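Visitor: how would this look folded up:
(one chain, ligands or ions: 3)
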Amino acid sequence: MGFHCTRVFSTPKAPSLSLLKPDLISTKVHQLNKVRGFEVKAAMPPEDQVRIPHVLTVAGSDSGAGAGIQADLKACAARGVYCSTVITAVTAQNTVGVQGVNVLPEDFVLEQLHSVLSDMRPDVVKTGMLPSTGIVKVLCRYLQEFPVRALVVDPVMVSTSGDTLAGPSILSSFREELLPMAEIVTPNLKEASALLGGMPLESLADMHSAAKYIHDFGPKNVLVKGGDLPASLDAVDVLYDGENYFEFRTSRIKTPNTHGTGCSLASSIAAELAKGSSVISAVKVAKRFIESALGYSKNILIGNGPHGPFDPFLKLKKYAHGSSRQSLFDPSNLFLYAVTDSRMNQKWDRSITDAVKAAIQGGATIVQLREKEADTRDFLESAKACLEICRQHGVPLLINDRVDIALACDADGVHVGQSDMPAHVARVLLGPDKIIGVSCKTPEQAQEAWVDGADYIGCGGVYPTNTKENNPTLGLDGLKTVCLASKLPVVAIGGIGISNAHSVMKLQAPNLKGVAVVSALFDRESVLIETRKLHKVLVESNTEIR
Ligand SMILES: Cc1ncc(COP(=O)(O)OP(=O)(O)O)c(N)n1
Ligand SMILES: Cc1ncsc1CCOP(=O)(O)O
Ligand SMILES: [Mg+2]
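Guide: Ligands and ions are numbered 1, 2, ... in the order given. Down below sits the predicted model:
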């Protein structure tokens, strides 16, 4: 008969650390660790150590797991960062509403904060439900003791169902203590109004004023979320950085499954900041992510109440709809598609990373590494370096032809042609979340790309090109025929530059989202200047068309 053997260690129970000052606790923990007989820091050579982006969330638990700590953990995992947790309250909650709230004692919140901050050193702290002034004060004290790169404050006060999670007594400690430490604060309209003493917020102009007034409390950036704005068609959020306003518009997704969107958005922003993104890029990426997840989850059914959760992993719908896949890809990324060329960069004596940086600075909205000459190892190293740059700017990076390189560096996807790996095979290898583009010259190829699970098609050569040999020219008519037949967004390619991009966009072909360009950007002295010029032409074409 077999048996299991479990080795049991007995460790002395830790005396309560409650109510001790941070510096005293620090000593105490150190002593305890020694008593327990393990080294405080594992002896790992520095060159082997890998820093993982890390967000600490300080929030309440939601038993229904749509919002709160559970939403934060899911969002961070989906965005690929580590998430530790300090729980401030435990709520009994479901899709109907909040049935009970149990606030944790301040000294136990303190103990959790100490455990995490003294040892694990998160990059970013994100706050959610902070149910008492005492907890806010403890948190602020700890953030002074253990500073982090950024503090993201989601000033949670009321749940989606309308239940109060933090009363008005919290407002002064938010305004005076927490907000001055924040990199960004993300109030919805009700929270922004509460922070401003009940100021009515009913229009986009009011959101601008609110963002400015809240900025005066001291956070570096304010994102006022306009989801509740009456009579607005689009959902508009306003970001104010103390100098400029940025508006983020997304189409409204009709779904009851919005419980936890605020928590997940703030966590996703925190996750992107932890990866090293700028605030504007973090907000952009996080908003797109939440929009995709909401779209994907709009029909999933969990619970009987009116406030269902959504699925940030985009996996649950497969139970309802077989293996159908919802693309995470944002077609507007195809607007100015920069495709690199190793020979051109060599000719102009620039590194691929400088080329990619300049293209992004000039306005490229997606980058493809098309390094036909590079050997595998060099290609992989370049791809890793370019990916770091692209991630910092929220610009997707695709790899031409080489699915193996895309997998190895975790790029955002691949572009394959008719003689490369078939898109359906690439889809199996890359999974549902990566972007796959396919070159198509005919309506039949466009249909096949859609069936194969591609996200977009590249159509060309529209004009004659020296960049790709033996590539038939389709002309504008050929492009239009493919666009009309395509169920996927299309990017035009081949011989396109500042002199003819307008003619391509003026076609107003259905599904045509932008132009992909090699030589007009990279076979030039200044990639930055050429990309800027092309960007301007495309923006002007768009304005004229509208
Ligand atoms: C956006 C975009 N469209 C088309 C192509 C061409 O791909 P393919 O047909 O595989 O030819 P190569 O680029 O591999 O020579 C592309 N790269 N990008
Ligand atoms: C890769 C490719 N596929 C169709 S045309 C083309 C070349 C595009 O290069 P350029 O923008 O320099 O004409
Ligand atoms: Mg190819």
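
Visitor: In the chain, which residue sits closest to ligand 3?
Guide: Gly417 (3.4 Å; CB to the ion). From N, CA and C alone the C-beta is placed, and that goes for glycine too.

Visitor: just checking, that residue touches Lys441?
Guide: No - using CB atoms under 8 Å, Gly417 is not in contact with Lys441; the gap is 9.9 Å.

Visitor: More neighbours: these two, which one.
Guide: Neighbour tally, Gly417 and Lys441, criterion other CB atoms under 10 Å: the higher count belongs to Lys441, 21 against 17.

Visitor: How about the secondary structure of the more buried one?
Guide: Three-state assignment for Lys441 (DSSP: H, G, I helix; E, B strand; the rest coil): coil.

Visitor: ok so, going back, find the nearest non-adjacent residue to the residue of the chain closest to ligand 3, please.
Guide: Ser439 (4.2 Å; CB to CB, 6 or more residues apart in numbering).

Visitor: how many other residues sit next to the one you found?
Guide: For Ser439, using other CB under 10 Å, the count is 21.

Visitor: Ser499 now?
Guide: 11.

Visitor: would you say it is within a strand?
Guide: No - counting by three-state DSSP, Ser499 is not part of a strand but coil.

Visitor: any idea how far it is from Pro230?
Guide: Distance check for Ser499 against Pro230: by CB to CB, to the nearest Å, it reads 47 Å.

Visitor: Then Asp216?
Guide: 26 Å.

Visitor: Please report how far the residue nearest to Gly417 lies from Pro489.
Guide: Distance from Ser439 to Pro489, by CB to CB: 14 Å.

Visitor: Equivalent analysis for Pro510, please.
Guide: From Pro510 to Pro489 the distance is 10 Å (CB to CB).

Visitor: Next: Thr353.
Guide: From Thr353 to Pro489 the distance is 28 Å (CB to CB).

Visitor: and what of Ala89?
Guide: For Ala89, the distance to Pro489 - CB to CB - is 44 Å.

Visitor: all strands of the stretch 51-200 of the chain, in order?
Guide: With DSSP state E, counting those that start in this stretch, the ranges of strands along the stretch 51-200 of the chain come out as 54-62, 82-93, 98-103, 124-127, 150-153, 184-185.

Visitor: Then the stretch 301-450 of the chain?
Guide: For the stretch 301-450 of the chain, the strands defined by DSSP E, counting those that start in this stretch occupy 336-339, 366-369, 397-400, 413-416, 435-439.

Visitor: okay if I get these as JSON lines plus mean pLDDT and distance to Ser503?
Guide: Compiled in JSON lines, the strands of the stretch 301-450 of the chain are given as follows (pLDDT from 0 to 100; distance: least, CB to CB, whole Å):
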{"stretch": "strand 336-339", "mean pLDDT": "98", "distance to Ser503": "16"}
{"stretch": "strand 366-369", "mean pLDDT": "98", "distance to Ser503": "22"}
{"stretch": "strand 397-400", "mean pLDDT": "98", "distance to Ser503": "26"}
{"stretch": "strand 413-416", "mean pLDDT": "98", "distance to Ser503": "24"}
{"stretch": "strand 435-439", "mean pLDDT": "97", "distance to Ser503": "21"}
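
Visitor: Can I get those in a markdown table including distance to ligand 2?
Guide: As requested, the strands of the stretch 301-450 of the chain are exported to a markdown table (distance: least, CB to the nearest ligand atom, whole Å):
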| stretch | distance to ligand 2 |
| --- | --- |
| strand 336-339 | 6 |
| strand 366-369 | 9 |
| strand 397-400 | 8 |
| strand 413-416 | 9 |
| strand 435-439 | 6 |
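
Visitor: about what we covered before: dump the residue contacts of the residue nearest to Gly417.
Guide: His415, Val416, Gly417, Gln418, Gln445, Ile457, Gly458, Cys459, Gly460, Ile493 (CB atoms under 8 Å, 6 or more residues apart in numbering).

Visitor: Out of those, which end up buried?
Guide: Listed as buried from the contacts of Ser439 are His415, Val416, Gly417, Gln445, Ile457, Gly458, Cys459, Gly460, Ile493; burial here means 16 or more other CB atoms under 10 Å.

Visitor: Any buried residues in the helix or strand encompassing Asn542, and which?
Guide: Using DSSP states H and E, Asn542 falls within helix 527-545. Across helix 527-545, burial judged by 16+ other CB under 10 Å covers Val527, Leu528, Glu530, Thr531, Arg532, Lys533, Leu534, His535, Val537, Leu538, Ser541.

Visitor: Check whether the fifth one really touches Gly363, as I assumed.
Guide: Yes - because the distance of 6.2 Å satisfies CB under 8 Å, Arg532 is recorded as touching Gly363.

Visitor: need the residues of the stretch 201-350 of the chain near ligand 1, please.
Guide: Contact residues (CB under 6 Å from any ligand atom) of the stretch 201-350 of the chain with ligand 1: Tyr337, Val339.

Visitor: Low-confidence regions, the stretch 201-350 of the chain specifically.
Guide: 231-233, 317-327 (pLDDT under 70).

Visitor: can you pull out the helices in it?
Guide: Ranges of helices in the stretch 201-350 of the chain, per DSSP state H, counting those that start in this stretch, are 204-215, 261-275, 279-297, 317-320, 342-347.

Visitor: Turn the ones you listed into JSON lines, columns for distance to Lys254 and mean neighbour count.
Guide: As requested, those are exported to JSON lines (distance: least, CB to CB, whole Å; neighbours: other CB atoms under 10 Å):
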{"stretch": "helix 204-215", "distance to Lys254": "21", "mean neighbour count": "18"}
{"stretch": "helix 261-275", "distance to Lys254": "14", "mean neighbour count": "29"}
{"stretch": "helix 279-297", "distance to Lys254": "10", "mean neighbour count": "22"}
{"stretch": "helix 317-320", "distance to Lys254": "16", "mean neighbour count": "12"}
{"stretch": "helix 342-347", "distance to Lys254": "47", "mean neighbour count": "16"}
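
Visitor: if we can go back for a sec, which one's more surrounded, Asp216 and Pro230?
Guide: Neighbours were counted for Asp216 and for Pro230 using other CB under 10 Å; Asp216 has more, 12 against 7.

Visitor: buried ones in stretch 226-245?
Guide: Gly226, Gly227, Leu229, Ala235, Val236, Asp237, Val238, Leu239, Tyr240, Asp241.

Visitor: and the end-to-end length of that stretch?
Guide: Taking CA to CA, to the nearest Å, the first and last residues of stretch 226-245 lie 14 Å apart.

Visitor: Could you do stretch 238-255 as well?
Guide: Between the opening and closing residues of stretch 238-255 there is a gap of 22 Å (CA to CA).
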